[in-house]
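Colleague: fold the following for me, if possible:
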Amino acid sequence: MQLSPFALLDLVRLPDGRVGAVVGVWNLGEAYEVDIGNVRETWSADDLTPTA
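Modeller: Coordinates of the predicted model:
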């Protein structure tokens, strides 16, 4: 099993250009909960890009 590319990251870029903080992981890294301002959204790992 491979580690998630976002396992050690705090910030990720979403497809629409927003940047959010990873706060949760679903299904062994297939989806992530991301806080964007005052909103928490769930995104597929395929949609996220590392910021660093």
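Colleague: what's the longest strand anywhere in the chain packed up against?
Modeller: For the chain, the longest strand by residue count, based on DSSP state E, is strand 19-26. Judged by 3 or more CB pairs under 8 Å, 6 or more residues apart in numbering; DSSP states H and E, strand 19-26 is in contact with strand 11-13, strand 31-36, strand 39-44. In short, each C-beta sits where N, CA and C put it, glycine included.
Colleague: which one, of these, ends up nearest to V19?
Modeller: strand 11-13 (5.4 Å; CB to CB).
Colleague: against which helices or strands is the closest one packed?
Modeller: Applying 3+ CB pairs under 8 Å, 6+ apart, one finds that strand 11-13 contacts strand 19-26, strand 49-50.
Colleague: now with 10 Å?
Modeller: strand 19-26, strand 31-36, strand 49-50 (3 or more CB pairs under 10 Å, 6 or more residues apart in numbering; DSSP states H and E).
Colleague: could you give the angle of the longest one to strand 31-36?
Modeller: Okay, so that is strand 19-26. 150 degrees (axes from the mean of the first three to the mean of the last three CA atoms, to 10 degrees).
Colleague: and strand 19-26, average pLDDT?
Modeller: For strand 19-26, mean pLDDT rounds to 88.
Colleague: direction included, what does that strand pair up with?
Modeller: Strand partners for strand 19-26, identified by DSSP bridges, are recorded as strand 11-13 (antiparallel), strand 31-36 (antiparallel).
Colleague: now the shortest one
Modeller: Next to strand 49-50 in the sheet, as set by DSSP bridges, lie strand 11-13 (antiparallel).
Colleague: Provide the contact partners of the strand it pairs with at residue level.
Modeller: If you take CB atoms under 10 Å, 6 or more residues apart in numbering as the criterion, strand 11-13 is touched by 5-6, 18-22, 32, 34, 36, 43, 45, 47-52.
Colleague: stretch 31-45 too?
Modeller: Residues contacting stretch 31-45 (CB under 10 Å, 6+ apart): 4-6, 9, 11-12, 14-16, 18-30, 46-48.
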